[in-house]
Each structure stands twice: as structure tokens, then as C-alpha cells.
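Colleague: structure, please.
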Amino acid sequence: DFGYSSTRGHNDGLGQMTSREKIVFKPIDQIHPNRMQPRRALPFKIRPYFSSSDIESMQYGFEKWLTEVNVERNGDFPLDKYLEGEETHRVTNIEKMDTELEQTGSVPKMGAMETAFMTVLDLAASIKRDGLVNPISIARSGTDDNGSIRYEIETGERRWLAYHLLNWQYPESGWDKIPT
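Modeller: Alright, predicted model coming up:
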């Protein structure tokens, strides 16, 4: 495990931090969501594509999700522009609304697939630009068939999904491990 120490803790009433916690980077494919908690970050229609947390399954899930977004919006979604910071969710929607209003007299609404995708994409773009501010919380949940340790997400499923999205788009850039 790679890691660095970070002073994090609770306030003891005197304005001082009183505990230290070690932050380590864990492989994203050794981490999985808690199956007993609802998966609110993923629309129901695409949840089956995210049934496994291995890299290939997650990439396939994002490909299917992006396909659904493209179908929903009747065009190609500019994923690379968002991740590179050329477009933002808010600016693009304002421009899209202005154009649609001029052309049709009505304001378009994003569909459910695009709205959910934007939630993860905006977070991924922020993490790419600024880094992960708040590591995810995990708990050891056993081992897989190969004997590798498995972890279950306690908090941070959207952050974990954002790392998978970044790893899908930038596979050689170190997004395969997440601070925990």
C-alpha cells in the first residue's frame, strides 16, 4: 500500500486536532459498494452493467451508460471536453437552453441518464483538476477467489465511480488507486 499521513480528526474543544489517521491508496478494483445499501448514484436501467467492480466490467458499464446518454440526448455527449475542463455542466446547459429557446421557443431538460451521468462526471472533472479532497471510507470484507483482499465502501461511492470513470478515460494516468 502506498500512503501518506494526514492530520485528520475531531476538535477537542480547544481548537486542536487530536487524532491522526493514515491515508492509503487502494486499487479501485478491490473495492466494491455495500450491496445492502441502495445504489442511488446509478440509474436503475444501467445498474446491471455495474455488477462487478473489476476494471473491465466498470469500463463496460460506463460505455453502456454513455450510450444511453447519447440516445437520450439524440447526439454525442462531449465527454472529453468535460474532463479536460473545456465545458462545464452549468455553462453547457445554459448555452443549450439558449439555443433551444431561440430555435423552438421551449427550454430543454436533461434526461435522467444524463443528469445522473453529469453528477459523476462533474465530480470526476473536479478530482482530475483539484485532486480528491475527502478520501473514501472502506472496511475489509474478505478475499476474492484469487486471495486478494476485498473492501466494501462505507462512504464515497460517487467518488469511487469518478475514479473508475477517470481510469476508463485515462488508463495509464494512475487513476486505478484511490485514497482511503
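Colleague: use CA for all of it now, contacts and neighbours both
Modeller: Noted.
Colleague: can you check the pLDDT for Arg35?
Modeller: At Arg35, the model reports a pLDDT of 79.
Colleague: against Asp76, how distant is it?
Modeller: Note on Arg35: its distance to Asp76, by C-alpha to C-alpha, to the nearest Å, is 32 Å.
Colleague: again, but for Leu161
Modeller: 21 Å.
Colleague: between these two, which one's more packed in?
Modeller: Per other C-alpha atoms under 10 Å, whichever of Leu161 and Asp76 has more neighbours is Leu161, with 22 against 12.
Colleague: could I get the contacting residues of the more buried one?
Modeller: The neighbours of Leu161, taking C-alpha atoms under 8 Å, 6 or more residues apart in numbering as the test, are Val120.
Colleague: for Thr155, see how far away it is.
Modeller: 12 Å.
Colleague: one more: Asp144?
Modeller: Using C-alpha to C-alpha, we find Asp144 at a distance of 21 Å from Thr155.
Colleague: more neighbours, these two?
Modeller: Taking neighbours as other C-alpha under 10 Å, Asp144 and Thr155 compare with Thr155 leading, 16 against 11.
Colleague: assess the claim that that one and Ile136 are in contact.
Modeller: Yes - under the criterion of C-alpha atoms under 8 Å, Thr155 makes contact with Ile136 at 5.7 Å.
Colleague: quick one: pLDDT of Tyr82?
Modeller: 88.
Colleague: number of nearby residues for it?
Modeller: For Tyr82, the count of nearby residues is 19 (other C-alpha under 10 Å).
Colleague: next one: Thr180
Modeller: For Thr180, the neighbour count with other C-alpha under 10 Å is 20.
Colleague: now do Arg159
Modeller: 19.
Colleague: is it in a helix, a strand, or coil?
Modeller: Under the three-state scheme (DSSP: H, G, I helix; E, B strand; the rest coil), Arg159 adopts helix.
Colleague: that one touches Ala125, doesn't it?
Modeller: No - using C-alpha under 8 Å, Arg159 makes no contact with Ala125, being 11.0 Å away.
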